[in-house]
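> compute the structure for the input listed below.
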Amino acid sequence: MSVLAANPQIICRENSMWVHQREQIPQSSNVGWCLFVLNSSSGFGIEHKKWPELQRKLRSSRDIRVHGFWPDLSRPSTIEMEPINDCEHLDQILDHALQLSQPIIIDWMATWCRKCIFLKPKLEKLAAEYHNKLKFYYVDVNDVPKSLVKRGNISKMPTIQLWKDGEMKAEVIGGHEAWLVVEEVKEMIQNFL
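Take a look at the predicted model:
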């Protein structure tokens, strides 16, 4: 019996059996990943040079089982960052973070800054990775009082700061490519968790 799943790469056949780890060939996709399991002892690896041999094996074999594994849907893939509106709001957030003994991340950005706009969704994905360990916030420097911007000591944007125990501990100034900034932010977070 064959079953067609939501991902067209995933087809299951009955009467298959699990085989050794070296005969499992993972395939990645945008949604999850697939795992081909062959029933004969072929010794195929994951290397690309084995692909033509694997294709011949797949065409000739009737005992193929494909399993799909989807990402954990109980965890969010992105978490929208909350805005900080003024100094009092920042004080409330810092007090709450101090009670939980968690650091917070603040993205200082502007709506006219292209790099800021491009970086924000990437930081929201990062917020989902750390959703139980710390919270992410953003400040649009054009929409808040200047006193808040001075308190953050902001001169360039985007600036991503880690605050812990009521004070700023580290920062990343994101004037380069977004993936590099995200890696630097991850490294900064690991230093303080």
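> wait, what's in contact with Val185?
Residues near Val185 by Cβ atoms under 8 Å, 6 or more residues apart in numbering: 105, 123, 126, 160, 172. Placement of C-beta: from N, CA and C, glycine included.
> which stretches of the protein form helices?
Counting by DSSP state H, the chain has helices at residues 51-60, 87-100, 114-129, 146-152, 178-192.
> how about low-confidence regions in this protein?
1-52, 54-72 (pLDDT under 70).
> Arg151 against Leu90, yeah?
Yes. Arg151 is within contact range of Leu90, at 7.1 Å (criterion: Cβ atoms under 8 Å).
> which one's more surrounded, these two?
Counted by other Cβ atoms under 10 Å, Arg151 and Leu90 do not tie: Leu90 has more neighbours, with 20 against 14.
> that older thread, got the helices of the chain as TSV, with distance to Met81 columns?
Formatted as TSV, those follow (distance: least, Cβ to Cβ, whole Å):
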stretch	distance to Met81
helix 51-60	42
helix 87-100	12
helix 114-129	6
helix 146-152	15
helix 178-192	12
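> minimum distance to Glu167: which of those has it?
The closest of the helices of the chain to Glu167 is helix 87-100. By Cβ to Cβ, the value is 8.4 Å.
> residues of the closest one that come out buried?
By neighbour count with 16 or more other Cβ atoms under 10 Å, helix 87-100 contains the buried residues 89-90, 93-94, 97.
> check those residues and tell me the two furthest apart.
His89 and Ala97, at 12.7 Å, using Cβ to Cβ across the buried residues of helix 87-100.
> ok, now which ones touch Ala97?
Going by Cβ under 8 Å, 6+ apart, Ala97 touches 103-104, 134-135, 163-164.
> now Cys87
Contacts of Cys87 (Cβ under 8 Å, 6+ apart): 145, 147-148, 151.
> out of the helices of the chain, deepest packed?
Across those, averaging neighbours per residue (mean count of other Cβ atoms under 10 Å) puts helix 114-129 on top, at a mean of 17.
> show me what that one is packed up against.
strand 104-109, strand 135-140, helix 178-192 (3 or more Cβ pairs under 8 Å, 6 or more residues apart in numbering; DSSP states H and E).
> change it to 10 Å
Using 3 or more Cβ pairs under 10 Å, 6 or more residues apart in numbering; DSSP states H and E, the elements in contact with helix 114-129 are strand 104-109, strand 135-140, strand 159-164, helix 178-192.
> CSV for the ones you listed, including distance to Thr78?
Compiled in CSV, the helices and strands packed on helix 114-129 are given as follows (distance: least, Cβ to Cβ, whole Å):
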stretch, distance to Thr78
strand 104-109, 14
strand 135-140, 10
strand 159-164, 16
helix 178-192, 13
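> which among those is found nearest to Glu53?
Of all the helices and strands packed on helix 114-129, helix 178-192 comes closest under Cβ to Cβ, at 35.3 Å.
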